[in-house]
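*Asks:* Give me coordinates for this.
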Amino acid sequence: MWNPDITKHNGARYLAIADRIAEDIEHGNLRPGEQMPTHRELASRLGVTVGTITRAYAEAQRRGLLVGETGRGTYVREDLFADAFPPNLAAHDDSIIDLSLNIPPVSVGDQLGQSLSATLASLSNRSNLSSLLGYHTPNGAERHRAAGAAWVSRSGLKAEAERVLITSGALHAMTVVFSTLTKPGDTIFTESLTYPGMKNLAHLLHLRLQGLAVDEHGIIPEAFERACRSGAVRVLYTIPTIHNPLGTVMPEERRREIARIAEEHDISIVEDDVHSFILERPPLPLSAFAPERSYYILTTSKSIAGGMRIGYLLAPARMIERLATGLRATVWMAAPLMAEIVSEWIKDGTAERLVEQKRKEAEERQEMAARILQGLRFRAHPLSFHIWLELPEPWRSDEFIAQARRRGVLVTPPEAFVPAREEAPHAVRVCLGAARTRAQLEKGLKTLRELCRSTPKPTLSII
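*Replies:* Numbers count the residues shown, from 1 in each chain. Model (predicted):
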């Protein structure tokens, strides 16, 4: 029977009980469809009044955690995640644990939904609300660019609103930048393993990718300099902070060196910094050391919510009009209503609170992964939502992925990150955020651990 400890919670007891309901659902201690104790039973166990339990259950129902049925009692909602994950993310199939998608977890307490409801209610009282449904300039409204500049400034960059463009997410910002800076047939430098979205974009724009050697600190300067001398490449795409998939963070000295080489060889830098939000004190962006040739990209899709697709592109002042042409040619403008909501959240502190929740969740999920996968080789940043699991001998990545799938666990193949035709390493990316609960994540990680400790099963014979 459920008997929560609320002694460590501050504030009203009914809120402490509602918070514990959310936490225990997240940890798997309360499962969808499970019946809750009666009001009188739980009041007796916790030493509180029946009225306190009534208020706690009402609060949990308001958050979408519980449902009450007259004459039957109170239950944990069975469809807690139905709206948070589309069907192709294995949301409705408990036999599949999807650890292949690099997305932050959705909170079962629905703090995001509550924030959205409050903001929409506030917006509904405005006399000029319909202006958010009209056409705006491609760059974005001035107040949205100002909010974007404030969000970018968290990184330590000097961001004036005039140099910020509002985009429909990070990938859209990348599309605008590369369609502006390159022409079909051009080659782009990337890390030796790179974001799969960059590969897709290169295919769309008919660009070639050339991977650069990396170490535990990111791109190796000597490899970058050699590559610059050997060809006519003019653009570097890089993820220096919490690299996807390796999790590395480039130190400042290395950033200065990469920026120096880019300056010397007239290389433009496209910095994808979408994961840095999770760090309380992220390193100064690479763009800070070469601002006149850098294109710095942030998005709210990772830091706030996947459906909140607002990106911020900080670019050199001389390039703003050319980039605005790219914005106009693709989506004309990012959705003003969505940009307004994000701007409000940046101004009133909601965005920072949502980031703090993700930071805590990332830390706890990484601690779980480190405990379960102890003894195996993997790379990870302690505040990221993914790890790079190196497979022990004699596993090959294709065999491992197939065997994991048969056991109901999905992971990302290494080929997704290889920029050219180089051989893929025998490793897989394991994403910690897509699992609906920590209990589901724990089950998936234990499955991968046992698989690593086993040997591959024979496949079909070849004659």
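
*Asks:* all helices for the stretch 351-463 of the chain, in order.
*Replies:* All helices of the stretch 351-463 of the chain, identified by DSSP state H, counting those that start in this stretch, fall at 397-406, 438-453.

*Asks:* contacts for the helix or strand hosting residue 143?
*Replies:* Secondary structure assigned from DSSP states H and E places residue 143 in helix 142-153. Applying CB atoms under 8 Å, 6 or more residues apart in numbering, the external contacts of helix 142-153 come out as 139-140, 159-166, 296, 298, 310, 312, 314, 336, 339-340, 342-343, 346-347, 351. No exception for glycine: its C-beta is placed from N, CA and C like everyone else's.

*Asks:* give me every residue that touches the residue lying closest to residue 292 once chain neighbours are set aside.
*Replies:* Nearest in space to residue 292, with sequence neighbours left out and distances taken as CB to CB, 6 or more residues apart in numbering, is residue 316 at 5.3 Å. Applying CB under 8 Å, 6+ apart to residue 316 gives the contacts 163, 291-295.

*Asks:* Break this structure down into its structural domains.
*Replies:* Domain assignment for the chain, taken from automatic domain parsing, gives 13-80, 97-113+351-453, 135-348.

*Asks:* starting at the chain centroid, how far to the shortest one?
*Replies:* Read that as domain 13-80. Centroid separation between domain 13-80 and its chain, computed with CA atoms, centre = their mean, to the nearest Å, is 30 Å.

*Asks:* Same question for the last one.
*Replies:* The chain centroid and the centroid of domain 135-348 are separated by 15 Å, computed with CA atoms, centre = their mean.

*Asks:* And the residue nearest to the spatial centre of the chain, how far from residue 105?
*Replies:* Centroid-nearest residue in the chain: residue 302, 3.5 Å away (criterion: CA atoms, centre = their mean). According to CB to CB, to the nearest Å, residue 302 and residue 105 sit 12 Å apart.

*Asks:* What count of nearby residues applies to residue 417?
*Replies:* 25 (other CB atoms under 10 Å).

*Asks:* Double-check that residue 29 belongs to a strand.
*Replies:* No: Residue 29: not assigned to a strand; according to DSSP: H, G, I helix; E, B strand; the rest coil it is coil.

*Asks:* Number of residues surrounding it?
*Replies:* Applying other CB under 10 Å, we find 16 residues neighbouring residue 29.

*Asks:* got it, and residue 139?
*Replies:* With other CB under 10 Å as criterion, residue 139 counts 24.

*Asks:* my read: it touches residue 325, true?
*Replies:* No: if you go by CB atoms under 8 Å, residue 139 and residue 325 don't touch, sitting 10.6 Å apart.

*Asks:* List the contacts of the nearest residue to residue 218 once chain neighbours are set aside.
*Replies:* Once flanking residues are discounted, residue 218 sits nearest to residue 250: 3.6 Å by CB to CB, 6+ apart. Residue 250 is in contact with 217-219, 240-241, 258, 283, 286, counting by CB under 8 Å, 6+ apart.

*Asks:* Could you dump the residues you listed into JSON lines with neighbour count and pLDDT added?
*Replies:* Output for the contacts of residue 250, formatted as JSON lines (neighbours: other CB atoms under 10 Å; pLDDT from 0 to 100):
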{"residue": "217", "neighbour count": "15", "pLDDT": "96"}
{"residue": "218", "neighbour count": "24", "pLDDT": "97"}
{"residue": "219", "neighbour count": "30", "pLDDT": "98"}
{"residue": "240", "neighbour count": "26", "pLDDT": "98"}
{"residue": "241", "neighbour count": "27", "pLDDT": "98"}
{"residue": "258", "neighbour count": "26", "pLDDT": "98"}
{"residue": "283", "neighbour count": "18", "pLDDT": "95"}
{"residue": "286", "neighbour count": "27", "pLDDT": "98"}
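
*Asks:* Look up which residues are beta-bridged to residue 271.
*Replies:* Beta-bridge pairing of residue 271 under DSSP bridges involves residue 238, residue 296.

*Asks:* how close does it get to residue 135?
*Replies:* From residue 271 to residue 135 the distance is 30 Å (CB to CB).

*Asks:* coming back round to it: and the next element down the chain from the helix holding residue 143?
*Replies:* strand 164-167.

*Asks:* Paired strands for that next one, with orientation please.
*Replies:* Partners of strand 164-167 in its sheet, by DSSP bridges: strand 311-314 (antiparallel).

*Asks:* helix or strand right after the strand it pairs with?
*Replies:* Scanning forward in sequence from strand 311-314 by DSSP H and E, the next helix or strand is helix 320-330.

*Asks:* how far off helix 142-153 does the next helix or strand after that following helix point, in degrees?
*Replies:* Going down the chain from helix 320-330, the next helix or strand is helix 336-348, by DSSP H and E. Interaxial angle, helix 336-348 versus helix 142-153 (axes from the mean of the first three to the mean of the last three CA atoms, to 10 degrees): 50 degrees.

*Asks:* quick one: average pLDDT of helix 336-348?
*Replies:* Mean per-residue pLDDT for helix 336-348: 95.

*Asks:* Who has more neighbours out of residue 271 and residue 135?
*Replies:* residue 271 (26 against 8).

*Asks:* Please point out which parts of stretch 58-65 sit buried.
*Replies:* Going by neighbour count (16 or more other CB atoms under 10 Å), the buried part of stretch 58-65 is 59-61, 63-65.

*Asks:* Could you save these as a markdown table and add columns showing distance to residue 435, secondary structure and pLDDT?
*Replies:* Shown next, in a markdown table, are these (distance: CB to CB, whole Å; DSSP: H, G, I helix; E, B strand; the rest coil; pLDDT from 0 to 100):
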| residue | distance to residue 435 | secondary structure | pLDDT |
| --- | --- | --- | --- |
| 59 | 26 | helix | 88 |
| 60 | 22 | helix | 89 |
| 61 | 25 | helix | 87 |
| 63 | 20 | coil | 79 |
| 64 | 19 | coil | 79 |
| 65 | 18 | coil | 85 |
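
*Asks:* coming back round to it: are any of the contacts of helix 142-153 buried, and if so which?
*Replies:* The buried subset of the contacts of helix 142-153 (16+ other CB under 10 Å) comprises 139-140, 159, 161, 163-166, 296, 298, 310, 312, 314, 336, 339-340, 342-343, 346, 351.
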